[in-house]
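Participant: predicted coordinates and the sequence they were generated for:
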Amino acid sequence: MNNLFVYCEVEDGVVADVSLELLTKGRNLANELKCQLEAVVIGSSLDQIEDQISPFGADLIYLFDDPRLAPYTTAPHASILIKLFQQEQPQIVLLGATPIGRDLGPRVSSALHSGLTADCTSLEIGDHEDKKANKADKDLLYQIRPAFGGNIIAWIINPDCRPQMATVREGVMRKQALDAKYKAIVHRPIIADYVSETDFAVQIIERHLEKRKLNIKGASIVVSGGYGVGSKENFKLLYDLADVLGAEVGASRAAVDAGYVDHERQIGQTGITVRPKLYIACGISGQVQHRAGMEESAQVIAINTDPEAPINALADYVITGDLAEVIPKMIRYYKENTK
Amino acid sequence: MKKGFRIIVLAKQVPDTRNVGKDAMKADGTVNRAALPAIFNPEDLNALELALRIKDNNPGTTVTLLTMGPGRAAEIVREGLYRGADDGVLLTDRAFAGSDTLATSYALAQTIKVMGEFDLIVSGRQAIDGDTAQVGPQVAEKLKINQITYVEEVLQVDPDFLVVRRRLDNGVETVKAPLPLLLTVNSSAPNCRSRNAKLLMRYKQARTVTERQEAAEDYLYLYDSRPFLNILEITASEIFATPDLLGLSGSPTKVKRIENVVLQAKDAVRLNTNDEGIHDLMKELIESHVIG
């Protein structure tokens, strides 16, 4: 009872990276809380799936394995979680901020009347004192995320309702197995106790999943552009530089919203989180949501016409000037020095 | 056979966080809301368009816009009317202040129950002031109906079910779901049609009861002779809500604290655009094996 649960997503027999990242984080939080880490897997053909999860330190795995439970639809997965959480009373539930987690999390939180914080960039355990109500809570989950409008970080808590629920995007937490020999206990509950026929009213007729073409998360160099790039055409400069350096091109949300680049390249709180060796920020002002997705880059070059841009505070090199002038020079001198 | 569908579109007035200027932040690090224009949440416009297309193709269908917010959010209802909605509701009350997504969903679901039978609820996937994408699914759960999120297009409309295409990060899904149903709509769905000039003329004076009290006397006769100019205003006392579940007390999430981000500037190397500096930078990065 009162343990920490991670909802694990599975596609084609493989546990999603974001779920393994949450198990890694969950193990640390569970240690701090001195509670168990428990995983929930709902799907079909889940033979030996526990072997992928146990090494991350899960103490207990709930396996709901039934042909009707994959591909994912909302109602059966929600029914299972709602009933399981009513029985087990977890104190914390973590889900990936994926299309599945973002579909399922709010549905479950609504049924349980529990708080859910989306797109957390950090999770910590801490206390809270409410002097007005003369009430003190120990060991709450701090759900930390950039908030509305920019340069604010909010610490969200759920003092009165359980479970405390949070979603986290892929790549935000680090993935690290604890012990290859760690063995979880596996529970296989009876499916019919959790779902009813009416849960299967929604049918998936057709599905086309594409392998992700881009690998910005894994790139060792990222050339990233913001609103200051000015146009879709000007982004070509960034692609040119990326080509030469063997880098991927990323973007801030402002550049995506302005239509300069596709959403799949967005870096930041509601996009991808990257930790490259080198991050070249071009015409990016450096809103906190963007920084959340790149601040662990080993080195940062900021190119901006504004010498006071907030991104400069993160930068190892600040180049004040026009991209159209700077980038061709970078390409030229790179080529000269690598000849 | 029934004639048409009753569709409710959930829409939110949001500060335009996409066009944040320099004056959007006050010196103390808080948000200067006055400097941000209030707009119709972009994906809620995609949702409205999706509803209007169903109306175009299915005679007898009505589209009702529902928004929750302060009095000025009546603007969202008018915007919906200008683009083709049949009518609209403003849900407004001080009791809703401080609502998180759950308390918001509860208030919206209670209101929808008061509004009577419906076939379809459509909203944007998420609002740009929080990006949580929670209210749609939470409303669906409170009404005990199915939800389909990330919808891009309605492929088939049948009296008893819809077939829709979902656009996910990594592909597409075609899904068939029975009515009643709640859909949340992506920005990849068709953009909303523009305001219609005739509708703009027709609904320009549409007002809520509170707005009418502030209006010039000269116009008041209009609202008796043209009932379509009355925007229905609903308050907390009219939705059979449990007071504890509204506003701040109905919100499980609390903000413990907020912190302005003060960046400790690194000791950065500062360069301008002269050739020497950029040449040395590239050389240094190559020599330290960061690039190359």
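Facilitator: Arrived safely. Residues are numbered from 1 along each chain as shown, chains lettered A, B, ... in the order given.

Participant: going forward, measure contacts between C-alpha atoms and count neighbours the same way
Facilitator: Fine.

Participant: how about low-confidence regions in the stretch 51-200 of chain B?
Facilitator: Filtered on pLDDT under 70, the stretch 51-200 of chain B yields no residues whatsoever.

Participant: please enumerate the strands of it.
Facilitator: B:62-68, B:87-91, B:120-124, B:146-157, B:161-168, B:171-178, B:181-185 (DSSP state E, counting those that start in this stretch).

Participant: figure out which of those strands is closest to chain A.
Facilitator: Each of the strands of the stretch 51-200 of chain B has some distance to chain A by Cα to the nearest Cα; the shortest is strand B:171-178, at 4.2 Å.

Participant: including distance to A:P99, could the strands of the stretch 51-200 of chain B go into TSV?
Facilitator: Converted to TSV, the strands of the stretch 51-200 of chain B look like this (distance: least, Cα to Cα, whole Å):
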stretch	distance to A:P99
strand B:62-68	25
strand B:87-91	29
strand B:120-124	14
strand B:146-157	8
strand B:161-168	7
strand B:171-178	11
strand B:181-185	12
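
Participant: dump those into TSV; add mean neighbour count and distance to B:H289 as well.
Facilitator: Shown next, in TSV, are these (neighbours: other Cα atoms under 10 Å in any protein chain shown; distance: least, Cα to Cα, whole Å):
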stretch	mean neighbour count	distance to B:H289
strand B:62-68	24	55
strand B:87-91	24	60
strand B:120-124	27	46
strand B:146-157	21	43
strand B:161-168	21	38
strand B:171-178	19	37
strand B:181-185	26	46
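
Participant: redo those as JSON lines? Include distance to chain A.
Facilitator: Converted to JSON lines, the strands of the stretch 51-200 of chain B look like this (distance: least, Cα to the nearest Cα, whole Å):
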{"stretch": "strand B:62-68", "distance to chain A": "18"}
{"stretch": "strand B:87-91", "distance to chain A": "20"}
{"stretch": "strand B:120-124", "distance to chain A": "13"}
{"stretch": "strand B:146-157", "distance to chain A": "7"}
{"stretch": "strand B:161-168", "distance to chain A": "7"}
{"stretch": "strand B:171-178", "distance to chain A": "4"}
{"stretch": "strand B:181-185", "distance to chain A": "10"}
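
Participant: stretch A:143-154: end-to-end distance?
Facilitator: Criterion Cα to Cα, to the nearest Å; first-to-last residue distance in stretch A:143-154 is 8 Å.

Participant: what is the mean pLDDT for that stretch?
Facilitator: The average pLDDT within stretch A:143-154 is 77.

Participant: tell me which element the nearest residue to A:T121 once chain neighbours are set aside is part of?
Facilitator: Nearest residue to A:T121, sequence neighbours excluded (Cα to Cα, 6 or more residues apart in numbering or on different chains): A:R145, at 5.2 Å. In this structure, A:R145 sits in strand A:135-146 according to DSSP states H and E.

Participant: and the helix or strand just after that strand with strand A:135-146, angle?
Facilitator: Using DSSP H and E, the helix or strand that follows strand A:135-146 towards the C-terminus is strand A:152-157. Orientation of strand A:152-157 against strand A:135-146 (axes from the mean of the first three to the mean of the last three Cα atoms, to 10 degrees) gives an angle of 140 degrees.

Participant: next, the angle strand A:152-157 makes with the next helix or strand after strand A:152-157.
Facilitator: Next helix or strand after strand A:152-157 toward the C-terminus (DSSP H and E): strand A:164-168. Between strand A:164-168 and strand A:152-157, the angle comes out at 140 degrees (the same axes, to 10 degrees).

Participant: can you tell me if strand A:164-168 touches chain B.
Facilitator: No. Counting by Cα under 8 Å from any Cα of the partner chain, chain B has no neighbours in strand A:164-168; the shortest distance is 8.8 Å.

Participant: just the mean pLDDT for that strand, thanks.
Facilitator: For strand A:164-168, the per-residue pLDDT averages 98.

Participant: quick one: A:S114 is in a strand?
Facilitator: No. Secondary structure assignment (DSSP: H, G, I helix; E, B strand; the rest coil) places A:S114 in coil, not in a strand.

Participant: do you know the pLDDT at it?
Facilitator: pLDDT, read off for A:S114, is 97.

Participant: for A:A136, same thing?
Facilitator: A:A136 is assigned 92 on the pLDDT scale.

Participant: who are the packing partners of the strand holding A:R145?
Facilitator: strand A:122-130, strand A:152-157 (3 or more Cα pairs under 8 Å, 6 or more residues apart in numbering or on different chains; DSSP states H and E).

Participant: sorry, back to before: correct me if wrong: the residue nearest to A:T121 contacts A:I157.
Facilitator: No. A:R145 is beyond contact range of A:I157, at 11.4 Å (criterion: Cα atoms under 8 Å).

Participant: near chain B, which residues of the stretch 1-150 of chain A show up?
Facilitator: A:74-75, A:99, A:102-107, A:109-111, A:113-119, A:128, A:147-150.

Participant: run through chain A and note the low-pLDDT ranges.
Facilitator: Checking chain A against pLDDT under 70 turns up A:148-151, A:212, A:339.

Participant: rerun that using 80 as the cut-off
Facilitator: Low-confidence segments of chain A (pLDDT under 80): A:147-152, A:210-214, A:339.

Participant: residues of the stretch 101-250 of chain B that sit close to chain A?
Facilitator: B:102, B:129-135, B:137-142, B:146-147, B:149-150, B:168-178.

Participant: about what we covered before: beta partners for the residue nearest to A:T121?
Facilitator: A:A154 (DSSP bridges).

Participant: that one: neighbour count?
Facilitator: Look at A:R145: counted by other Cα atoms under 10 Å in any protein chain shown, it has 24 neighbours.

Participant: quick check: it vs A:I92, distance?
Facilitator: 17 Å.

Participant: shouldn't B:P180 be in contact with B:K144?
Facilitator: No. Here B:P180 lies out of contact with B:K144, judged by Cα under 8 Å, at a distance of 9.7 Å.

Participant: residues in contact with the closest residue in space to B:S105 that isn't next to it in sequence?
Facilitator: Counting by Cα to Cα, 6+ apart, the nearest residue to B:S105 once its immediate chain neighbours are dropped is B:V139, at 5.0 Å. B:V139 makes contact with A:110, B:105-106, B:108-109 under the criterion Cα atoms under 8 Å, 6 or more residues apart in numbering or on different chains.
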